[in-house]
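K.L.:
Could you look at this predicted model? Sequence included:
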Amino acid sequence: MKILNTWLAYFKKLAYEEKSPHKLALSFCMGAFIAFSPFPGLHTIMIFAFSVLFGLNLSVTFAAAYGINNPITLIPVYAADYGLGYWLLHKLLALDVAAINPWWMQTCSMYFEQKLGLPLPCIWSFLIGGNILGIVIALVLYPITKQLFSYCKSTETGTI
């Protein structure tokens, strides 16, 4: 219960400092999209770029991106990215996109298969799955977070 109260106090503080629940929700959802983005080395750059380009709250975007995708959740997040992309491309659409992997991915794939006994990974499954999953999660979270920030804003000002 203490953790819930701590989080609620944090959201209330954010809602009080930021004037727009829409902007807070949009910032959070863009952070969620970045968390599932299949460009792990570019997450911080994406956070700063999106915050400037779309006028987002930098701290909320940063907290969402690294709150969702961190060293503890890294493997499940990227496994979900790859799994969704693999299912879409290989199972649903029955495409053999592994054949059009870039040359460097073919080299990595052969290494994974020979040394680790893993099947040939497909970079396209990871890229497409990560982007689609990020978009879907951001769209699902937007109304929820907007409602949460609106509620926190109303309780902070005393009007419910």
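P.N.:
Looks like it arrived, so ask away.
K.L.:
Skip the chain neighbours and tell me the closest residue to Tyr142.
P.N.:
Taking Cβ to Cβ, 6 or more residues apart in numbering, and ignoring the residues beside it in sequence, Tyr142 has Cys29 as its nearest neighbour in space, at 4.9 Å. C-betas here are computed from N, CA, C, even on glycine.
K.L.:
Help me confirm that the one you found comes into contact with Pro143.
P.N.:
No. In this structure Cys29 lies outside contact range of Pro143 using Cβ atoms under 8 Å: 9.8 Å.
K.L.:
quick one: which of the two has more around it?
P.N.:
Neighbour totals were compared for Cys29 and Pro143, and Cys29 leads with 26 against 11 (other Cβ atoms under 10 Å).
K.L.:
State the three-state secondary structure for the more buried one.
P.N.:
Here Cys29 takes the helix state, with states given by DSSP: H, G, I helix; E, B strand; the rest coil.
K.L.:
That one and Trp87, how far apart?
P.N.:
The spacing between Cys29 and Trp87, counted by Cβ to Cβ, to the nearest Å, is 24 Å.
K.L.:
Just give me how far stretch 30-37 sits from the chain centre.
P.N.:
Going by Cα atoms, centre = their mean, to the nearest Å, the spacing between the C-alpha centre of stretch 30-37 and its chain's C-alpha centre is 2 Å.
K.L.:
scratch that, stretch 146-157
P.N.:
Between the centre of stretch 146-157 and the centre of its chain there are 23 Å (Cα atoms, centre = their mean).
K.L.:
Check which residues of the longest helix along the chain are buried.
P.N.:
Counting residues, the longest helix found in the chain (DSSP state H) is helix 123-157. For helix 123-157, a neighbour-count test (16 or more other Cβ atoms under 10 Å) marks 123-131, 133-134, 137-138, 141-142, 145-146, 148-153 as buried.
K.L.:
what's the answer for stretch 21-35, then?
P.N.:
21, 23-35.
K.L.:
and it, how far out from the chain's middle?
P.N.:
Distance of stretch 21-35 from the chain centroid (Cα atoms, centre = their mean) equals 10 Å.
K.L.:
if I look at the residue nearest to Pro102 when sequence neighbours are not counted, how far off is Thr44?
P.N.:
Distances taken as Cβ to Cβ, 6+ apart place Ile123 nearest to Pro102, at 6.8 Å, with adjacent residues excluded. If you measure Ile123 against Thr44 using Cβ to Cβ, the figure is 22 Å.
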